[in-house]
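Asker: Here's a sequence, model it:
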Amino acid sequence: MSSRRDPGAPPVRPALRSAKLMALPVAYAGRQAAGAGRRALGRPAHEVNRDIQTRTAEHMFAVLGELKGCAAKLGQLLAVYQLALPRDLAPPYQVALAKLQDSAPVMMPATVRGVLAETFGPQWRELFREFDDRRAAAASIGQVHRGVWHDGREVAVKVMYPGARTAVESDLVQLRRVSILASVLLPGADVKSVTEALCESVRAELDYAGEARNQRAFAAEYRDSAEFRVPEVLEQRGDVLISEWLPGVPVSRIIESGSREQRDRVGELMMRFVLTRWERHGLLYCDPHPGNLRLLPDGRLGVVDFGACAPWPHPGFTEMTVQMCDAIFNGGPAALESAVRTHGFALPGRDFDAAALASALSACGEPVRHERFRLTTRWFRKQVLRVTSPRLNNVMRELTLPPDCTPFVRAGLTMLGTLSQLEAECDYAAELVRSVPELAGVFDTMRRTSSASAQ
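Answerer: Coordinates of the predicted model:
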């Protein structure tokens with residue numbers, strides 16, 4: 001039997017995966033050294049720097065795309081953080097990221113057929129009237145094929161990459177090893193606990209049975225909705241998940257060329273989907289990035305990929321949200337320090353500059369101060385830089401994240417990144433009040449104070 005590996009399957013040996021990841025900084029150092037030589041020979045510095053950035057971006061996302069698993073999840077996170085790059089450096093990363101999202105190595109048809117035969121038996125084709133061996137879409141740990149179910153419905157067949165579990169577990173080991181480096185940048189954070197929460201979140205996405213349960217819960221909730229469409233799950237076994245095919249315009253295309261009306265509608269509906277109706281299905285949808293969203297012909301928002309969902313409600317989350325927002329917008333530094341310590345955003349005994357924190361968070365809360373506000377990548381870039389700045393006097397370095405808040409931060413950051421790319425204009429305060437009615441009083445007080453100050 002041939003030992004030749006399917007080029008679409010992720011390399012699973014830990015040593016090989018580690019070597020590929022470690023090659024990234026080594027290659028970057030080599031490009032820097034070569035660039036210094038080209039500059040010395042008279043080539044313009046900006047051309048050399050752009051070439052280094054482009055090659056590094058292409059290498060980075062090519063490796064992450066090949067490794068898939070956690071590494072590809074890292075690539076998705078970089079999709080948010082590339083928004084914080086200066087405008088003259090961001091384009092190479094945007095292009096390379098698009099390649100990661102749209103052109104990940106393809107699992108060969110024979111491998112796909114092998115997974116389906118192992119899962120459903122040698123007569124698996126009898127389940128379908130049609131099945132397309134060509135990949136229709138890629139995911140971090142699997143790929144999607146299009147088909148027609150035996151009852152005539154068009155379906156999406158999601159197949160996990162063979163070896164994905166081993167690859168992810170290897171990545172989680174590496175993540176735990178390197179997470180200690182985060183304490184250099186965030187000395188006030190409980191890095192170990194947050195890392196474990198992230199690991200559990202990623203591991204949950206390997207559970208297609210759990211994903212099917214999540215999707216069925218959302219599909220039942222929105223079956224008769226005039227705003228949302230979640231495809232029904234038709235079958236789930238092992239590492240295969242079969243759902244109704246969802247038509248529509250991918251939100252990534254709307255980001256590129258959509259109308260102002262489309263952008264605003266997608267932004268508003270996406271916020272509403274993530275932030276509301278938790279009390280009905282008990283789940284938070286954590287992955288609202290453009291690849292998981294479609295604008296349907298009837299104007300509804302279609303949503304796919306329910307592997308990243310978290311149980312809801314978080315105990316005391318509403319109280320925490322109201323107290324933190326009230327302190328940020330109405331309370332001043334002393335009230336904010338009290339709320340931060342009460343809800344575990346600073347480790348016991350850890351000092352921080354409450355006035356600086358109040359100033360930073362007030363700026364981040366600008367969208368809710370207006371009746372309507374348009375998020376932009378420029379605005380989001382400023383907020384990301386504010387939070388991630390390595391300056392020693394950056395107050396964010398002294399804070400931590402309660403581990404059970406990790407899913408909400410993931411969902412919120414991904415949603416903000418998508419809203420900013422859409423440049424969506426919405427009544428953000430109204431959408432927050434829709435999900436947490438107790439915030440109405442907080443925002444009313446904020447507006448009255450602002451109005452009085454302006455007079």
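Asker: Distance check, residue 406 against residue 400.
Answerer: Going from residue 406 to residue 400 by C-beta to C-beta, to the nearest Å gives 11 Å. To be clear about C-beta, it is placed using only N, CA and C from the backbone, and glycine gets the same treatment.
Asker: Can you pull the residues that touch both of these two?
Answerer: Between them, residue 406 and residue 400 share these contacting residues under C-beta atoms under 8 Å, 6 or more residues apart in numbering: residue 194.
Asker: Low-confidence bits of the stretch 251-400 of the chain, can you list those?
Answerer: For the stretch 251-400 of the chain, the stretches with pLDDT under 70 are 279, 313-315, 388-392.
Asker: That one: helices as residue ranges?
Answerer: 251-257, 260-275, 278-281, 317-326, 332-342, 354-364, 377-388 (DSSP state H, counting those that start in this stretch).
Asker: okay, the ones you listed in JSON lines with distance to residue 440 next?
Answerer: Output for the helices of the stretch 251-400 of the chain, formatted as JSON lines (distance: least, C-beta to C-beta, whole Å):
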{"stretch": "helix 251-257", "distance to residue 440": "30"}
{"stretch": "helix 260-275", "distance to residue 440": "14"}
{"stretch": "helix 278-281", "distance to residue 440": "17"}
{"stretch": "helix 317-326", "distance to residue 440": "10"}
{"stretch": "helix 332-342", "distance to residue 440": "19"}
{"stretch": "helix 354-364", "distance to residue 440": "19"}
{"stretch": "helix 377-388", "distance to residue 440": "24"}
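Asker: and of these, who's closest to residue 419?
Answerer: Checking these against residue 419 by C-beta to C-beta gives helix 260-275 as the closest, at 5.1 Å.
Asker: Run through the neighbouring helices and strands of that closest one.
Answerer: Where contact means 3 or more C-beta pairs under 8 Å, 6 or more residues apart in numbering; DSSP states H and E, helix 260-275 is packed against helix 251-257, strand 283-285, strand 293-295, strand 301-303, helix 406-422, strand 425-426, helix 428-435.
Asker: need the ones you listed in JSON lines with mean neighbour count and distance to residue 203, can you?
Answerer: Converted to JSON lines, those look like this (neighbours: other C-beta atoms under 10 Å; distance: least, C-beta to C-beta, whole Å):
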{"stretch": "helix 251-257", "mean neighbour count": "17", "distance to residue 203": "27"}
{"stretch": "strand 283-285", "mean neighbour count": "22", "distance to residue 203": "17"}
{"stretch": "strand 293-295", "mean neighbour count": "24", "distance to residue 203": "24"}
{"stretch": "strand 301-303", "mean neighbour count": "24", "distance to residue 203": "22"}
{"stretch": "helix 406-422", "mean neighbour count": "22", "distance to residue 203": "13"}
{"stretch": "strand 425-426", "mean neighbour count": "20", "distance to residue 203": "34"}
{"stretch": "helix 428-435", "mean neighbour count": "19", "distance to residue 203": "28"}
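Asker: Let me have these in a markdown table, extended by distance to residue 442.
Answerer: Formatted as a markdown table, these follow (distance: least, C-beta to C-beta, whole Å):
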| stretch | distance to residue 442 |
| --- | --- |
| helix 251-257 | 31 |
| strand 283-285 | 21 |
| strand 293-295 | 29 |
| strand 301-303 | 28 |
| helix 406-422 | 18 |
| strand 425-426 | 18 |
| helix 428-435 | 9 |
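Asker: The ones you listed: which one's closest to residue 374?
Answerer: strand 425-426 (4.0 Å).
Asker: Residues in contact with that closest one: which ones?
Answerer: Residues external to strand 425-426 that are found in contact with it (C-beta under 8 Å, 6+ apart): 260, 263-264, 267-268, 271, 372-375, 419.
Asker: With stretch 358-370 instead?
Answerer: Stretch 358-370 is contacted from outside by 325, 328-329, 332-333, 336, 373, 375, 379, 382-383, 386-387, 395-396, 428-429, 432, 443, 446, 450, using C-beta under 8 Å, 6+ apart.
Asker: Same question for stretch 118-131.
Answerer: 116-117, 145, 147-150, 152, 155, 157, 235, 237-240.
Asker: State the paired neighbours of the strand ranked longest in the chain in the sheet, together with their directions.
Answerer: Longest strand of the chain, by residue count under DSSP state E: strand 128-138. Strands that pair with strand 128-138, judged by DSSP bridges, come out as strand 142-149 (antiparallel).
Asker: Distance of residue 120 relative to residue 239?
Answerer: From residue 120 over to residue 239 (counting by C-beta to C-beta), the distance is 11 Å.
Asker: of the two, who's got more company?
Answerer: More crowded of residue 120 and residue 239, by other C-beta atoms under 10 Å: residue 239, with 21 against 18.
Asker: Centre of the chain to stretch 371-379, how far?
Answerer: 19 Å (C-alpha atoms, centre = their mean, to the nearest Å).
Asker: Stretch 352-371: which residues count as buried?
Answerer: Buried positions in stretch 352-371, judged by neighbour count with 16 or more other C-beta atoms under 10 Å: 352, 354, 357-358, 360-361, 364-365, 367-368.
Asker: picking that back up, check the contacts of stretch 358-370 for burial and list the buried ones.
Answerer: The neighbour count (16+ other C-beta under 10 Å) marks 325, 328-329, 336, 373, 375, 379, 383, 386-387, 395-396, 428-429, 432, 443, 446 as buried among the contacts of stretch 358-370.
Asker: Need the max-distance pair from the buried residues of stretch 352-371.
Answerer: Taking C-beta to C-beta, no two of those sit farther apart than 352 and 367, at 24.5 Å.
Asker: Just to be sure, residue 122 is in a helix?
Answerer: No: assessed with DSSP: H, G, I helix; E, B strand; the rest coil, residue 122 is coil; it does not lie in a helix.
Asker: Give me the distance between it and residue 141.
Answerer: To residue 141, residue 122 is 25 Å away according to C-beta to C-beta.
Asker: if you count what's nearby, which of those two comes out ahead?
Answerer: Higher neighbour count among residue 122 and residue 141: residue 141, with 24 against 9, using other C-beta under 10 Å.
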